[in-house]
Structures are given as C-alpha cells and as structure tokens.
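The sequence and its predicted three-dimensional model are supplied below.
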Amino acid sequence: MSTSDQNHPDSRAERDWSPSDWRARPTSQQPVYEEPEALAKAVASLRSLPPLVTSWEIDRLRRQVAEAVEGRRFLLQGGDCAERFDECGSEPIAARLKILLQMSLVLAHGGRRRVIRVGRFAGQYAKPRSASAEIRDGVELPTYRGDNVNAPAFNAADRAADPDRLVEGHARSALTLNFIRALIDGGFADLHHPEYWDLDFASHSPRGGEYQAMVESIGEALRFMESLAGKQVGEMSQVDFFSSHEALLLEYEEALTRQVPHRPGWWNLATHFPWIGLRTADPDGGHVTYCSGIQNPIGVKVGPGMSVEQLVALVDRLDPDREVGRLTLIHRFGRAGIDAGLPAMIDAVARTGSRPLWVCDPMHGNTRTVVPESGPLAGETVKTRSFEDILDELEQAFEIHAACGSALGGVHFELTGENVVECTGGARGLVDADLGREYRSQVDPRLNYEQSLEMAMRIARRMRATSE
Ligand code: PEP
Ligand code: CO
C-alpha cells in the first residue's frame with residue numbers, strides 16, 4: 001500500500017463524533033423492544049464479539065469505488081432483499097456467489113473494466129417497512145422486520161422483537177462470510193469454464209447464439225490470460241467479494257463500530273459497505289448522523305419523494321470533504337419515473353462538487369402487485385417485477401447519465417442463485433401464472449439464476465456497444 005493511501009483525507013476522523021450520536025436524533029424504523037435489559041445484554045454481547053470485516057478491506061473497497069468514479073471499474077451489487085437465518089447454508093451461499101461471479105465476468109467482458117463485486121449478504125437481515133403493524137382478521141401484530149428483529153409467522157411470539165436475534169444475526173453473518181472467504185480461497189476459480197455455466201435458458205432466447213458466443217469468448221479470454229501468466233485466474237486476480245447491508249438497526253451498527261490500531265477514526269466492522277435506505281435518508285435523522293462519522297464508503301438510495309434539496313443536504317452531511325470513493329448514490333426511480341427524476345439530481349449533485357459513484361437499482365421502483373388468474377398463486381395478491389421493466393430502467397439510466405455528462409458506474413440487484421419464480425419475463429417468458437412455482441421471498445421478488453445471467457448479458461451487450 002502506498003503512503004498516499006494511508007494519508008487520505010482524515011478530517012472525518014478528527015471531527016467530534018461518536019457512534020452513539022444518532023441517539024439524540026429522530027430515528028425511524030427501529031423495533032420496539034419490550035425488555036430494555038435484554039436489549040442491553042444483547043448489545044453488550046455484540047460489543048465483546050470480534051468484528052466481521054477489517055479496516056484494510058474497507059479501505060480497499062473505498063479505493064476501488066474511487067476507481068469506479070474515474071471510469072476504471074464498474075460496481076455490481078446484488079443479493080437477497082432480506083437474508084434468512086434458515087438459508088444460511090452451503091447451497092444458497094455458494095449459488096449466490098456463483099451467480100455474482102459469473103455476472104461480474106460477463107460485465108467485465110462487456111465493459112472492458114474490472115468489476116467490484118459487492119454482495120447484499122452476510123448481514124442483510126433487517127428491513128424497513130412501510131407500516132409498523134399488520135392486521136389480519138381483526139388481529140393486530142407488529143410487522144415482520146427481518147430475521148434480525150422478529151420472525152414472519154403471524155403470531156404474537158414470532159412477531160415480538162427479540163434482541164437475541166441481533167447476536168444470532170452477527171453469528172450467521174460470520175458463518176456466511178467464513179464460507180464465502182473459504183470458497184474464494186478454494187476452488188471457485190473453476191467457474192470460468194463455460195461448461196459450468198447453466199445456459200439452458202439461452203435456447204429460449206432469440207439471442208441464444210449470442211449468449212453462447214459471449215460465454216465462450218469469456219472462457220477463451222480467461223484461458224489466454226492463464227496461459228500467459230502460467231497460473232489460474234482465481235489465483236492471480238484476487239477475487240474480491242465485499243459485503244453490504246442496509247445500516248438500519250442502529251443498536252446493532254453502533255455495537256460493531258470500532259476503533260482500530262494505527263488508523264484514525266471509527267469503522268463499521270459489521271460490513272464493508274453499509275447503505276442508507278430511502279425511508280431513513282433524513283439528513284437530520286439518526287441513520288445519516290450515524291453514517292456521517294464512520295470511515296466506510298457509504299451508499300444512499302435516491303428515489304421518488306426525495307427532493308433535490310434533501311439530496312444536496314445528504315451529500316453535504318455524508319461527503320463534506322468531497323472525497324472520491326466516499327459516497328455512492330443508488331437511484332431507484334422505476335422505469336416510469338427515472339426520466340423525470342434523475343437528471344435534476346445529477347445536475348444538483350454535480351454543482352456541489354462531490355463526485356459520487358452513481359449506481360442504478362432497477363428493482364425497487366418496479367415492484368408491481370398482481371393477482372394471478374391461474375397457477376399456484378391464483379387469486380392471491382403477489383408482489384412481482386418484470387425483467388423487461390428492470391432492463392428498461394437500466395437502459396434509460398445509461399442514457400440519462402451520458403446525456404447529463406455523468407456516467408453510470410454500477411448496478412444493484414435483488415437476485416438469488418436459485419431457481420425461484422418471483423419475477424416475470426426473461427428468455428423463458430415467465431408470466432404471472434408461473435409465479436409461485438417457487439416463491440420464497442418474504443419481502444421483495446428477486447431475479448433467479450437465469451434471469452440474473454441474462455440481465456448481465458444484456459447490460460454487457462449495451463456497455464460493449466457504447467464503448468466501441
Ligand atoms: C432495499 O434495498 O431492500 C430497500 C428497501 O430499498 P429502498 O430503501 O430503496 O426502498
Ligand atoms: Co428489497
């Protein structure tokens with residue numbers, strides 16, 4: 001590491017800030033714990049446990065985000081809307097890693113840039129909700145807020161906020177990261193051989209031949225590099241994976257916020273990349289106050305309902321030093337809203353002098369509620385998203401940034417490596433009646449393995465076309 005890396009602007013570290021400052025601010029989306037002593041005990045236990053990530057990994061991510069701002073990298077962030085404790089197992093974790101790795105190779109190939117891989121994993125256990133209570137048949141209970149808080153079943157015991165879940169969440173995050181680190185150190189490099197890519201869906205797509213050719217050309221490019229270097233790609237290019245989650249439960253985030261030897265400032269060592277959700281992006285609120293003081297790169301969701309003034313205030317709070325790599329703005333307007341909403345945001349941020357990384361989340365503005373007429377979920381109200389809406393928002397995002405003299409520097413997906421049917425569309429032409437053949441998400445619908453890979457190929461194709 002060079003000296004300049006160690007001496008990056010550290011005025012944040014010198015500011016008068018403490019990890020508990022959020023307590024003096026209005027802080028939305030926090031669960032109500034019935035027993036304060038039990039919460040205090042859980043938090044004390046978290047404080048004594050080892051961190052999940054290190055400050056040097058966080059610093060590496062910050063430098064990579066800065067390179068993405070300069071156009072030298074592209075960020076891929078993806079994973080579950082909410083992880084589940086009972087899905088902390090080898091198959092879901094390996095499947096998630098596999099799809100993210102394959103997507104990143106496709107994007108690197110199309111964009112001719114290195115890809116920063118960030119998982120929505122190893123801690124994505126808490127969800128903001130639009131209502132704090134749910135009523136069924138006249139019975140009112142707290143809403144499900146993610147496994148770090150309560151359980152989804154509709155009964156008083158499961159829905160009560162249980163502070164021991166915070167400790168359990170830390171443990172499951174550690175188990176997840178441990179397995180991911182082991183997979184990366186081990187045989188995951190084999191994945192780049194096309195025979196491991198599941199391209200069945202391509203036979204349903206008019207672009208099937210093109211997809212096949214793309215994967216073969218990635219395989220060839222990797223083999224060529226390997227023969228030049230005399231070693232396997234997995235060994236020679238550090239296959240970095242970073243973790244991310246929404247910094248929502250501030251009791252948890254505070255307990256994992258630490259100082260480290262030889263580096264100034266406070267670090268959130270629960271994750272590399274915390275982000276602030278749209279519902280908690282109040283510039284004067286607890287979440288922003290908390291994130292303003294930590295050294296990690298910070299993501300913030302930007303979308304409908306946020307004013308230009310609010311965004312500028314957020315930039316001022318979170319990136320007062322105008323430090324490249326510090327701030328990532330993740331916009332999620334929806335295909336119908338991006339054209340009206342985004343240009344003014346890009347313009348206003350440019351005028352602040354801050355240079356954030358701009359990322360598009362084409363998922364959260366494109367959620368629809370449908371009642372399938374037939375199929376496994378006939379007559380039920382189901383949340384879904386369509387592949388075509390998601391792709392359309394992304395394509396608009398590339399164009400709007402280019403037209404505004406900015407650049408789209410990354411993409412953010414809710415996806416799973418498994419074969420669920422939660423989103424419609426894609427090469428197999430999934431329709432509402434197919435929903436629920438496998439529908440496991442307790443919260444938002446995710447792209448499945450095939451839809452995710454196809455999405456990466458469509459983006460790569462677009463990046464390729466614009467760079468040639
Ligand atoms: C999410 O990313 O799961 C989420 C809740 O997003 P947003 O804050 O953009 O609604
Ligand atoms: Co979501």
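Yep, it's here. Ligands and ions are numbered 1, 2, ... in the order given.

make it CA atoms for all contacts and neighbour counts henceforth
Noted.

Enumerate the residues of the stretch 301-450 of the chain near ligand 1.
Taking Cα under 6 Å from any ligand atom as the criterion, the neighbours of ligand 1 within the stretch 301-450 of the chain are 301, 364.

Report the closest residue of the stretch 301-450 of the chain relative to ligand 2.
Distances between the stretch 301-450 of the chain and ligand 2 by Cα to the ion are smallest at residue 444, namely 4.8 Å.

so what's that residue closest to, chain neighbours aside?
The shortest distance from residue 444 to any non-neighbouring residue, by Cα to Cα, 6 or more residues apart in numbering, is to residue 81 (5.8 Å).

how much space between the most far-flung residue of the chain relative to its centre and residue 154?
Summary for the chain: using Cα atoms, centre = their mean, the residue whose C-alpha lies farthest from the chain's mean C-alpha position is residue 138, with a distance of 36.1 Å. Noted for residue 138: a distance of 12 Å to residue 154, by Cα to Cα, to the nearest Å.

Next: residue 355.
Applying Cα to Cα, one obtains 45 Å for the distance of residue 355 from residue 154.

CA atoms only: put whatever helix or strand residue 402 lives in into CSV for me.
Using DSSP states H and E, residue 402 sits in helix 387-403. Provided in CSV are the C-alpha atoms of helix 387-403 (Å, rounded to 0.1, in the frame of the first residue of the first chain):
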residue,chain,number,x,y,z
PHE,A,387,-37.4,-8.5,-16.4
GLU,A,388,-38.3,-6.0,-19.1
ASP,A,389,-39.1,-3.2,-16.7
ILE,A,390,-35.9,-3.8,-14.9
LEU,A,391,-33.8,-3.8,-18.1
ASP,A,392,-35.7,-0.7,-19.4
GLU,A,393,-34.8,1.3,-16.3
LEU,A,394,-31.2,0.3,-16.6
GLU,A,395,-31.0,1.3,-20.3
GLN,A,396,-32.6,4.6,-19.5
ALA,A,397,-30.1,5.1,-16.7
PHE,A,398,-27.1,4.6,-19.0
GLU,A,399,-28.6,7.1,-21.5
ILE,A,400,-29.6,9.7,-18.9
HIS,A,401,-26.2,9.7,-17.3
ALA,A,402,-24.4,10.0,-20.6
ALA,A,403,-26.7,12.9,-21.7
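
For it, the averaged confidence score.
Here helix 387-403 scores 98 as its mean pLDDT.

What of stretch 225-242?
According to the model, stretch 225-242 has a mean pLDDT of 70.

what does stretch 412-423 give?
For stretch 412-423, the mean confidence score works out to 94.

Give me the buried positions along it.
Along stretch 412-423, these residues count as buried under the neighbour rule (16 or more other Cα atoms under 10 Å): 412-418, 420-423.

what does it contact?
The contact list for stretch 412-423 (Cα atoms under 8 Å, 6 or more residues apart in numbering) reads 76-81, 92, 95-99, 330, 359-363, 383-387, 430, 434-441, 444-450, 452.

rewinding a little: can I get the buried residues of stretch 412-423 in TSV including secondary structure and distance to residue 68?
As requested, the buried residues of stretch 412-423 are arranged in TSV below (DSSP: H, G, I helix; E, B strand; the rest coil; distance: Cα to Cα, whole Å):
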residue	secondary structure	distance to residue 68
412	strand	14
413	strand	18
414	strand	21
415	strand	22
416	coil	25
417	coil	25
418	coil	29
420	coil	32
421	coil	33
422	coil	31
423	coil	29
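
now, among these, which is nearest to ligand 1?
Checking those against ligand 1 by Cα to the nearest ligand atom gives residue 414 as the nearest, at 7.7 Å.

Beta-bridge partners for that closest one, please?
In this entry, residue 414 is beta-bridged to residue 79, by DSSP bridges.

and the residue in the chain positioned nearest to ligand 1, how many neighbours?
Of all residues in the chain, residue 277 sits closest to ligand 1, with a separation of 3.4 Å (Cα to the nearest ligand atom). Here the neighbour count serves as a burial measure; for residue 277 (other Cα atoms under 10 Å) it reads 21.

Next: the one 10 residues further on.
The local packing count at residue 287 equals 28, with neighbours defined by other Cα under 10 Å.

List the residues that contact the residue in the chain that ligand 2 sits nearest to.
Relative to ligand 2, the nearest point of the chain is residue 81 (4.1 Å; Cα to the ion). If a contact means Cα under 8 Å, 6+ apart, then residue 81 has 120, 124, 414-415, 441, 443-446 as its contacts.

Please apply the same query to residue 402.
Neighbouring residues of residue 402 by Cα under 8 Å, 6+ apart: residue 408.

and which of the buried residues of stretch 412-423 is nearest to residue 41?
Within these, the smallest distance to residue 41 is 33.5 Å, found for residue 414 (Cα to Cα).

so how far is residue 44 from the residue nearest to residue 198 when sequence neighbours are not counted?
Once its chain neighbours are removed from consideration, residue 198 has its nearest residue in residue 450; the separation is 7.8 Å (Cα to Cα, 6+ apart). When Cα to Cα is the yardstick, residue 450 and residue 44 sit 43 Å from each other.
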